[in-house]
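A.B. asks: Kindly generate the corresponding structure for this input.
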Amino acid sequence: MLTHLGFLCCDVDQAIFFQYEGWAIIIVLVHVDDCTIAATSITLIANFKVQISEHVDITDLGKLHWLLGIEIKHD
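C.D. replies: Predicted coordinates for the structure are as follows:
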């Protein structure tokens, strides 16, 4: 479904999708029914959430704190 929203699938890992325009990029990592979203701006993330919520029910769990046993800190 992400490809219908203009995302490209990573050649190396089929659970990673990305979309870029100029310097702006958004990356979505998919695992079963969870997604991790990383982007160069909060606006890209907000727009993605609006787009994807038109197709599936979503729950926003807020900022990422841990990923694969690695603590994520925001600055």
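
A.B. asks: right, and Leu44 touches Trp23 too?
C.D. replies: No. Counting by Cβ atoms under 8 Å, Leu44 stays clear of Trp23, with 11.4 Å between them. Every residue, glycine included, has its C-beta placed from N, CA and C.

A.B. asks: which of those two has more neighbours?
C.D. replies: Each of Leu44 and Trp23 has its neighbours counted (other Cβ atoms under 10 Å); Leu44 has more, 19 against 7.

A.B. asks: quick one: that one from Ile37, how far?
C.D. replies: As judged by Cβ to Cβ, to the nearest Å, Leu44 and Ile37 stand 9 Å apart.

A.B. asks: next one: Leu64
C.D. replies: Separation of Leu64 from Ile37 (Cβ to Cβ) stands at 8 Å.

A.B. asks: all helices for this protein, in order.
C.D. replies: For the chain, the helices defined by DSSP state H cover 42-53.
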